[in-house]
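Peer 1: Pasted the sequence and its predicted model underneath.
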Amino acid sequence: MVARGDRVEEGQILFEIDDSQAKATLSAAQNWKACAQAKANLANLETGSREAEIEVIRASLEQAQVSLDLAELSLGRSERLLEKELVAPAKVDADRAAVESAKAQVTPSSQLITGCRASRP
């Protein structure tokens, strides 16, 4: 980083752009898409679930749960680093958004699994 009036050399980084908000927005959009897909799956499954469909949904739920666990771990680290002023508050905000995004993936999958169990003959 440089300040006004500093001499710079070719290739030296002048500034960095904080992209945490853009990443959080992208993550939320991806989760919105996942939720829409889960709703479509639910509508499809209301007629009765085959074992293969249930396994796909179960795998999706497991993947979503792993993503949530990782996001929560990352948020905890960021919060500890923020207390020591070793990370920008924007990083903690982005990690919080990632946790919420991951929760948004887990909930529809959990509901689908419950719905599949209820609709099985």
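Peer 2: Nice, thanks for sending it over.
Peer 1: In the protein, spot the helix with the most residues.
Peer 2: When the chain is parsed with DSSP state H, its longest helix is helix 51-83.
Peer 1: If you count contacts, what does it end up packed against?
Peer 2: Applying 3 or more Cβ pairs under 8 Å, 6 or more residues apart in numbering; DSSP states H and E, one finds that helix 51-83 contacts helix 20-45, helix 89-119. Where you see a C-beta, it was placed from the backbone N, CA and C, and this is true even at glycine.
Peer 1: Kindly confirm whether my reading is correct that P108 touches K33.
Peer 2: No. Contact criterion Cβ atoms under 8 Å: P108 and K33 do not qualify, at 11.3 Å.
Peer 1: Between the two, which has more neighbouring residues?
Peer 2: Legend: neighbour count by other Cβ atoms under 10 Å for P108 and K33, higher for P108 (22 against 10).
Peer 1: The longest helix of the chain vs helix 20-45, what angle?
Peer 2: On the basis of axes from the mean of the first three to the mean of the last three Cα atoms, to 10 degrees, helix 51-83 is oriented at 160 degrees to helix 20-45.
Peer 1: in helix 51-83, what counts as buried?
Peer 2: For helix 51-83, burial by neighbour count (16 or more other Cβ atoms under 10 Å) applies to 54, 57, 60-61, 64, 67-68, 71, 74-75, 78, 82.
Peer 1: tell me the average confidence for it?
Peer 2: Summarised as a single mean, pLDDT over helix 51-83 is 85.
Peer 1: heads up, I number from 38, so please use that
Peer 2: Will do, 38 is the new start, and the previous item becomes helix 88-120.
Peer 1: distance between it and the chain's centre?
Peer 2: Between the centre of helix 88-120 and the centre of its chain there are 8 Å (Cα atoms, centre = their mean, to the nearest Å).
Peer 1: give me the number of residues near A71?
Peer 2: 17.
Peer 1: Contacts only, for the closest residue to it other than its chain neighbours.
Peer 2: Of all residues not flanking A71 in the chain, Q142 sits nearest, at 5.3 Å (Cβ to Cβ, 6 or more residues apart in numbering). Q142 sits next to 68, 71-72, 101, 104-105 when contact means Cβ atoms under 8 Å, 6 or more residues apart in numbering.
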